[in-house]
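*Asks:* turn this into a model:
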Amino acid sequence: MKEGPDIAQIGALIGDPARANMLAALTGGRALTATELAGVGGITVQTASTHLAKLEAGGLLAQRKQGRHRYFTLADEAVARLIESMMGFAAGRGHLRHQPGPKEPALRKARICYDHLAGDYGVRMLDSLIASGSIDAVGDGLALTEKGESDLKRIGINVGDLRSSRRPLCRSCLDWSERRAHLAGSLGKALLSSFLDKGWARRTAESRSINFSPEGDRQFLKLFPVDP
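*Replies:* Have a look, this model is predicted:
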């Protein structure tokens, strides 16, 4: 096909192992320096800078300066969804780079995907919101119901503020470990932020995993029940 979107260019950018590792690291939502990303990619800082420039030129990364340092992030949520879905596709086809290690159970239970909750807990949360009538699943789309808006208000989520953002309120994101959808969008971000602010969970240094405290587990499972 000589006309239309050039998926070969995007595929080439993501297909390099070092660049793929750096992109996967940035799905955790944290801004990282070239030095930190070089360590993730197993390459020198000079080589990493060349790769990062290509990713930025290709629209996959953004950078910002703070003092003498430059920090890199994914360009937007669409890039995060692309990387997450590719990880799920690769895992489903058996393309794994290593055997599951000690951190694997924690990542499968709960992890951050750009700025929202993923893993078993992320999928459970969306399943529960749909089952309770708080969210309507229409085809591949999601829509918050009046009941959902009322329910969320009771736990401190102001949907009115979220609607004022240009970002979609509810969006499904394919979970790479569960192979099913979890909740993204501004609502997904707000819910994860609420769990962290309440002390139910905390981020893990140098990992995408989200660790729930025993009390956080109890509150989360109570708030988002699912039928057996």
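*Asks:* roughly how far apart are residue 129 and residue 194?
*Replies:* Note on residue 129: its distance to residue 194, by Cβ to Cβ, to the nearest Å, is 14 Å. For every residue, glycine as well, the C-beta is placed using N, CA and C.
*Asks:* counting neighbours, go ahead and name the busier of those two.
*Replies:* Using other Cβ atoms under 10 Å as the criterion, residue 129 and residue 194 rank with residue 129 on top: 25 against 15.
*Asks:* what about the more buried one, helix or strand, and which?
*Replies:* helix 120-131 (DSSP states H and E).
*Asks:* elements contacting that helix?
*Replies:* Secondary-structure packing of helix 120-131 (3 or more Cβ pairs under 8 Å, 6 or more residues apart in numbering; DSSP states H and E): helix 104-109, strand 135-138, strand 181-184, helix 214-223.
*Asks:* go with 6 Å
*Replies:* Contacts defined by 3 or more Cβ pairs under 6 Å, 6 or more residues apart in numbering; DSSP states H and E place helix 120-131 against strand 181-184.
*Asks:* extract the C-alpha set from the next helix or strand after the strand it packs on and format it as CSV.
*Replies:* Under the assignment DSSP H and E, the closest C-terminal helix or strand after strand 181-184 is helix 185-197. Provided in CSV are the C-alpha atoms of helix 185-197 (Å, rounded to 0.1, in the frame of the first residue of the first chain):
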residue,chain,number,x,y,z
GLY,A,185,-9.2,8.2,30.5
SER,A,186,-9.5,11.0,33.1
LEU,A,187,-11.8,8.8,35.3
GLY,A,188,-9.2,6.0,35.4
LYS,A,189,-6.6,8.5,36.4
ALA,A,190,-8.8,10.1,39.1
LEU,A,191,-9.6,6.7,40.6
LEU,A,192,-6.0,5.7,40.9
SER,A,193,-5.0,9.1,42.3
SER,A,194,-7.8,8.6,44.9
PHE,A,195,-6.4,5.2,46.0
LEU,A,196,-2.9,6.7,46.4
ASP,A,197,-4.1,9.8,48.2
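*Asks:* so what touches helix 185-197?
*Replies:* Helix 185-197 has contacts (Cβ atoms under 6 Å, 6 or more residues apart in numbering) with 115-117, 157, 162, 165, 167-171, 201.
*Asks:* with stretch 48-60 instead?
*Replies:* Residues lying outside stretch 48-60 but in contact with it, judged by Cβ under 6 Å, 6+ apart, are 13, 18-19, 34, 37-38, 41, 61, 72, 75, 79.
*Asks:* if we go to 7 Å?
*Replies:* 9-10, 13, 16, 18-19, 22-23, 34, 37-38, 41, 61-63, 72, 74-75, 79 (Cβ atoms under 7 Å, 6 or more residues apart in numbering).
*Asks:* I'd like to know which of those residues are buried.
*Replies:* 13, 18-19, 22-23, 34, 37-38, 41, 61, 63, 72, 74-75, 79 (16 or more other Cβ atoms under 10 Å).
*Asks:* now intersect the contacts of stretch 48-60 with the helices, please.
*Replies:* 9-10, 13, 18-19, 22-23, 34, 37-38, 41, 79 (DSSP state H).
*Asks:* of all those, which two lie farthest apart?
*Replies:* The span of these, defined through Cβ to Cβ, is set by 9 and 38 at 23.6 Å.
*Asks:* let me see the domain layout of this structure.
*Replies:* Under the assignment automatic domain parsing, the domains of the chain span 7-75, 104-223.
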